[in-house]
Structures are given as C-alpha cells and as structure tokens.
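Participant: missing the sequence, but the structure's below:
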C-alpha cells in the first residue's frame, strides 16, 4: 500500500490482529485503548524520535494505568525529570471528540498530586507510575490522542495549553513546565505518513533565500580546502513551505529532532508572535548540510541535494506551527519573521561520516540528552556491533545497535541498544549513572568521564582505537549476566508485589491500618538491581577463592549463554544471587523510608550513600552467600 494512502486506523487494526489475534471491534474498551495507544507510541512517536519510549509492545504494558480509578490518564511514562500523561480514545469513524473530556484531562495534575489529589482514588499502576515525580520542578507532557475528530473548542484548548493551578503551590507555575497536544484522526494519519518517510533517506529541496537590504540573497564562505557554506536568511513562509513539502524527512540527520512545546519552544514561539521584526536577533538560527548546492535561473534559490537540518529542528517546527495558526491580516504580520540559515556543502554525506559527525556534534553541544549518538561511530561501538554477531543464543545472534534507527530484526536476532548496554556495563562496575552525573557523564570521553572509565586507555589518555577480544569477553559476560538477571528480577518483582497487595487487602478487610505499598517503589531502579547483583557476585567470587566477579563470570562461561543455560546449578545460583540483591534493596529502601524524615523516593536511586549501604548489607549476609556459592562449579 502506498504510504500516502496509509490510514493509521488500519495500522491499529493490524496491531490487534498481530498481538491479540482478533479485530479491534472484538475488543473491550480497555484493550482497544491499549492496542491503539501502543501502536501510536511505536509506529509514530518512536519512528519520529527513536528511543523516546520503550520499543517493545509487551514492554509498554508496564506503563499502562488505564482502568478503574485511573483519573482519566491511560498511560504514564517518566524519563528522568520529564513525565508523559497520555489519554487514548479509540473512536469510531467521524465521531467528534468530547470537549469536556479533553478539558478535564488538562486538569489531571490536580488529581494526581499527592496533596491536592489525596481524595481521588488511584489504582496501583497509577500510584506506582507517579511515585517518583517532583511536582514542583519537573516537566510534563499532556497528550490526548483520539481517533475522533477535533472540534473548534478542542483546538482552542490546545492553543491555550496547560494553565497554572491554584490546587497546590507545586502547581502554580505549571504552564511554564508543561505542554499539551491533541491528535485527531487527521493528525494521526499525517504523522504516521511522516513517520514512515523518516529515515528513508535524504531529500532534494529548493531553499528560497531572502535578500538583505543591499539585495544580496546569501553569502558564500569557502575554506582553503574547498569546503563551502551558504549563509543567509529565510522567511517563516519558506520554512512553512519546506516542512509542508518534506515534513520530518528534513531532519533525517538531526540527532535532536523536534521534542515538543517545552518551555524553551514556547518562548521561541512567543517571541515570534509578539515581536516578529526582532525574531532574527533573538534566535541562533538553523544549520543544515547537503551534498551539493547549485543555483538556477532564480538567484535567490539554492538547489540542495540530500538536504538535512542538523541543528534548529525545534526552531523549524515551532515556526511552521506558528505560521499555520494565522491567516489574513494576522498572517501578514507573522510573515515578518525571518531566521538565519547556514547550509554547508559536504561531499558524499553517507561516506564522509567523521566530518558529518563533527559538524553535528559542534552544532549540538548544548544538548547532552542524545550525546550517545556522538559515540555511535567510534571504534569501540563498531567493534561491539561486529563481535556480538558471533554470539548466539537459541539460534539467534545478538544484534548490537550502535546507531539509533538501525533494523532491530527481533524475529531473527536479540537486539542490544547502545544506550542500554553502556548503562548496564557502568552500573555493574560502578553503579547507576544517576549517582555520578547522568548521561552527560556517562558519554564524556575525557579521562575524568564515564565513557573513558568504560573504554579508555590510561596509557594514552584516549578512548581505545579498537576493541580487544579480552575486553569484549568481559563486556559480554557483564551484559549477559545482567539481561538474564533482569528476567529473574522481573518475575520476582511481580510475585512480591502480588503478595504485598494481598497482605494489604487482608489487613484492610480485618480493619487494620493499611501500610503503604513499598516493594514496587523499592524495585523501580533497574540499574540499581544490576549494581546490587554485581556486589553479590563479587562476594561469591571471593567465596570461591577467585580474584573478582569478572573471573567468576569467565569461569562460568556467561558470555556463551547456550552453554551455561544448560547447567541447572549455575541457573539456580544466579537466581538466588538476584533474589538476595532484591531482598536487600527492599530492606534498605523500607528502612530509609520509615526512618529518614527527609526521604525522597527519586533521590534514593541517585545517592552514592545508597550504594555504600548496599555493599555493607551484602557483606553482612555471609551465611547465605556461602550456601549460594556451594552450588557453583
């Protein structure tokens, strides 16, 4: 089927058949919302901005809050200090969405806040999902996604955005930290088509430059080795036209992309509306690259082959959105907005990767969130990509995805994402990255940075220029033991939460004071589980008279899962090690929660003191450690 004719509704239908073996019409409202929502996140959001949400249909299930006492929020996802509240509505064709439901959704923070919303019942999934929010400082994305039709009132609500709340002082500046977006069926079809085209390749475009006061349309800078940049100004109407023609394909080499109406983008849009004449002086402009530039009969037009914006995608999309809102006299006023653009000519973009990466890096240094992309082409990452192909498990090889957007091919491979891999390796050896400076530290290649800690050469004070076999075996051992530990941890967590919920319900029925649920919150830190498991393995190694945990993993042949998975003693010992790690985290979390008056849930997973307490707790369990060690070969 042609992409242009693709209907997002038909994609949802296909998802229902694939994952639930039935048509959407045969599902209850809860399952319709679930399938529709996950389809939106996987087929639109993750295609437009890879890695924004988890990438597995099943994995997304843990973020679903839909059901009784969901406070009209179907899905809650947190990424650090950014939180997504999403409501999904599967509507029949041509059904108008409810204005009242949309407006009610924009007020959900009043209900979710622990104080202003204390009288609103919340289901366990919702309670756990919002437990780590800092309501006074964090950022929020409110998304209402409907297969219905938008009304004029709904578009007015969207234009107004999230308003400040008087329900609690934490929410009094909510408008500056929040974005509200509404999708109807037309929006979904448009974004789906854009998502399908993203990553398919670069586009040839014609960029019309605006002449300056002397009538000069652009200036050309040429270096001594023949590199050229074309510098000039484009009007907001040209930005609108380019985006209408090429859409998100304009950003196929942009590692940041457009991330939504955050407070920064709202300020950008506000300055364009309030002072269009001055916008040029307030904005850093747009940087782009292409393989070649030529001019036609119109000297103002630059014909660009394989064009991509590499910095300024937020400016580009925000101005497109502003221009699209206005008409008539208002459009004449907003048309005064101009922005600087620099187009750099790079021969053989796909081959000249080092230079392209350098241009992109130095044009995006203000953003550390996607800094992992700058490591994707180094010798370590390409080496991991090649060497993991020789590691197999159950007939599939491991596919190391050192670049975002690579084919995951889950039917025939076990995919490994660069970001997840580096976080696991670091957590196993040192602790969760949040305890040391987050992603910016993790991908810092200086001798004091986390990336150097993982892959640096102390003799040369540089990142290794190749991946030695011995280092790869160590890294593979760490990753394999961690992902198999994750399976054990996930099942353990599920069982323990169910047991705790049963105990709380029994206490309530007996008239006893219900204690708060602890286990789900305590075991929220995946990388803390990895760290604690590593500490247990270190003690087990010492109990077996080995030098360290890496020697133990090597002895157990952990990097060869097809071998050790057949050994019942090794599997049992690993399960007991992970269980011990989880038990000690629950114990420590509970103690801190009950005795520390300044306890903050999110800080628990960020404090170095947490790591030190867990180390001491593990050392205090020598009897259990000896029992586990006896089963190891």
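Facilitator: Yep, that arrived. Everything numeric here is computed off the predicted structure, so don't read it as measured data. Numbering: from 1, shown residues only.
Participant: What lies in contact with stretch 149-158?
Facilitator: Contacts of stretch 149-158 with the rest of the structure, by CB atoms under 8 Å, 6 or more residues apart in numbering, involve 94-97, 99, 102-103, 106, 180-182, 184-187. Just so you know, the C-beta spots here come from the backbone N, C-alpha and C atoms, and that holds for glycine as well.
Participant: ok, now stretch 109-120?
Facilitator: Identification of contacts with stretch 109-120 by CB under 8 Å, 6+ apart yields 69, 71-73, 85, 122, 126, 130, 133, 135, 140, 162, 165, 167-168, 170-171, 174, 178.
Participant: just to revisit the earlier point, quick one, which of the contacts of stretch 149-158 are buried?
Facilitator: With burial judged by 16 or more other CB atoms under 10 Å, the buried subset of these is 97, 102, 106, 180, 182, 184, 185, 187.
Participant: Which element is encountered next along the chain beyond the helix or strand hosting the second one?
Facilitator: Applying DSSP states H and E as the criterion places residue 102 in helix 99-105. Of the helices and strands lying after helix 99-105 in sequence (DSSP H and E), the nearest is helix 108-112.
Participant: Tell me how many other residues surround residue 224.
Facilitator: Residues lying near residue 224 (other CB atoms under 10 Å) number 5.
Participant: Doesn't it lie inside a strand?
Facilitator: No: in this structure, residue 224 is coil, not part of a strand, as judged by DSSP: H, G, I helix; E, B strand; the rest coil.
Participant: Could you list which of the contacts of stretch 149-158 belong to helices?
Facilitator: Cross-referencing those against helices under DSSP state H gives 99, 102, 103, 185, 186, 187.
Participant: any idea how far the last one is from residue 321?
Facilitator: It refers to residue 187. Distance from residue 187 to residue 321, counting by CB to CB, to the nearest Å: 12 Å.
Participant: cool, and the first one?
Facilitator: In this structure, residue 99 and residue 321 are 22 Å apart, going by CB to CB.
Participant: Then the fourth one?
Facilitator: Using CB to CB, residue 185 is found at 19 Å from residue 321.
Participant: hmm, back to that, and which of the contacts of stretch 149-158 is nearest to residue 502?
Facilitator: Comparing the contacts of stretch 149-158 against residue 502 with CB to CB places residue 106 closest, at 36.4 Å.
Participant: For the closest one, give its distance to residue 174.
Facilitator: From residue 106 to residue 174 the distance is 10 Å (CB to CB).
Participant: who touches both of those two?
Facilitator: Joint contacts of residue 106 and residue 174 (CB under 8 Å, 6+ apart) are 162, 163.
Participant: quick one: average confidence on the longest helix along the chain?
Facilitator: Secondary structure of the chain per DSSP H: the longest helix is helix 469-509. Average pLDDT, helix 469-509: 89.
Participant: Residue 413: neighbour count?
Facilitator: Quick note: residue 413 (other CB under 10 Å) scores 18 neighbours.
Participant: Now it. Nearest residue, chain neighbours left out?
Facilitator: residue 399 (3.7 Å; CB to CB, 6 or more residues apart in numbering).
Participant: Let's verify that neighbour: helix, strand, or coil?
Facilitator: Here residue 399 is recorded as strand under three-state DSSP.
Participant: shouldn't it be in contact with residue 417?
Facilitator: No: checked against CB atoms under 8 Å, the pair residue 399 and residue 417 is beyond contact range at 9.9 Å.
Participant: hmm, back to that, give the buried subset of the contacts of stretch 109-120 as a ChimeraX selection command.
Facilitator: Here is the ChimeraX command that selects the buried residues among the contacts of stretch 109-120 (16+ other CB under 10 Å):
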select :71,72,73,85,122,126,130,133,135,140,162,165,167,168,170,171,174,178
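Participant: From the contacts of stretch 109-120, which land in helices?
Facilitator: residue 126.
Participant: Name the strands paired with the longest strand along the chain and say parallel or antiparallel.
Facilitator: The single longest strand within the chain, with elements called by DSSP state E, is strand 301-311. Partners of strand 301-311 in the sheet, by DSSP bridges, are strand 203-208 (antiparallel), strand 286-290 (antiparallel), strand 292-295 (antiparallel).
Participant: Dump these into CSV; add mean neighbour count and distance to residue 510 as well.
Facilitator: Below are the strands paired with strand 301-311 laid out as CSV (neighbours: other CB atoms under 10 Å; distance: least, CB to CB, whole Å):
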stretch, mean neighbour count, distance to residue 510
strand 203-208, 18, 67
strand 286-290, 24, 65
strand 292-295, 14, 77
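Participant: With mean pLDDT added, can I get these in JSON lines?
Facilitator: Formatted as JSON lines, those follow (pLDDT from 0 to 100):
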{"stretch": "strand 203-208", "mean pLDDT": "91"}
{"stretch": "strand 286-290", "mean pLDDT": "91"}
{"stretch": "strand 292-295", "mean pLDDT": "92"}
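Participant: Save those as JSON lines, and put in distance to residue 541 too.
Facilitator: Listed next are these as JSON lines, based on distance: least, CB to CB, whole Å:
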{"stretch": "strand 203-208", "distance to residue 541": "55"}
{"stretch": "strand 286-290", "distance to residue 541": "50"}
{"stretch": "strand 292-295", "distance to residue 541": "58"}
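Participant: Between those, which one is closest to residue 550.
Facilitator: strand 286-290 (42.9 Å).
Participant: Surely residue 24 and residue 18 touch.
Facilitator: No: applying CB under 8 Å, one finds residue 24 not in contact with residue 18, separated by 11.7 Å.
Participant: quick one, which of those two is more surrounded?
Facilitator: residue 24 (19 against 11).
Participant: measure that one to residue 8 for me?
Facilitator: Going from residue 24 to residue 8 by CB to CB gives 12 Å.
Participant: got it, and residue 573?
Facilitator: 48 Å.
Participant: more neighbours, the two?
Facilitator: residue 8 (24 against 21).
Participant: Now the helix or strand hosting residue 18: buried residues?
Facilitator: Secondary structure from DSSP H and E places residue 18 in helix 8-20. By neighbour count on 16+ other CB under 10 Å, the buried set for helix 8-20 is 8, 9, 11, 12, 13, 15, 16.
Participant: related to what we said a few turns ago, between the buried ones among the contacts of stretch 149-158, which sits nearest residue 512?
Facilitator: Using CB to CB, the buried ones among the contacts of stretch 149-158 come closest to residue 512 at residue 106, 38.7 Å.
Participant: For the stretch 451-600 of the chain, which residues score under the pLDDT cut-off?
Facilitator: Scanning the stretch 451-600 of the chain for pLDDT under 70 picks out 513-515.
Participant: now the helices: where do they sit in it?
Facilitator: Remark: helices assigned in the stretch 451-600 of the chain by DSSP state H, counting those that start in this stretch are 469-509, 519-522, 526-543, 549-555, 561-564, 568-595.
Participant: Packing partners of the fourth one?
Facilitator: Spelled out, that is helix 549-555. Packing contacts for helix 549-555, counted by 3 or more CB pairs under 8 Å, 6 or more residues apart in numbering; DSSP states H and E, involve helix 469-509, helix 526-543.
Participant: tell me how far it is from the chain's mean position?
Facilitator: 33 Å (CA atoms, centre = their mean, to the nearest Å).
Participant: Pull the residues that contact that helix.
Facilitator: Applying CB under 8 Å, 6+ apart, the contact partners of helix 549-555 are 473-474, 477-478, 481, 534, 537-538, 540-541, 544, 546, 559, 632-633.
Participant: what does the second one give?
Facilitator: With CB under 8 Å, 6+ apart as the contact definition, helix 519-522 has outside contacts at 124, 128, 131-132, 493, 496-497, 500, 585-586, 589-590, 601.
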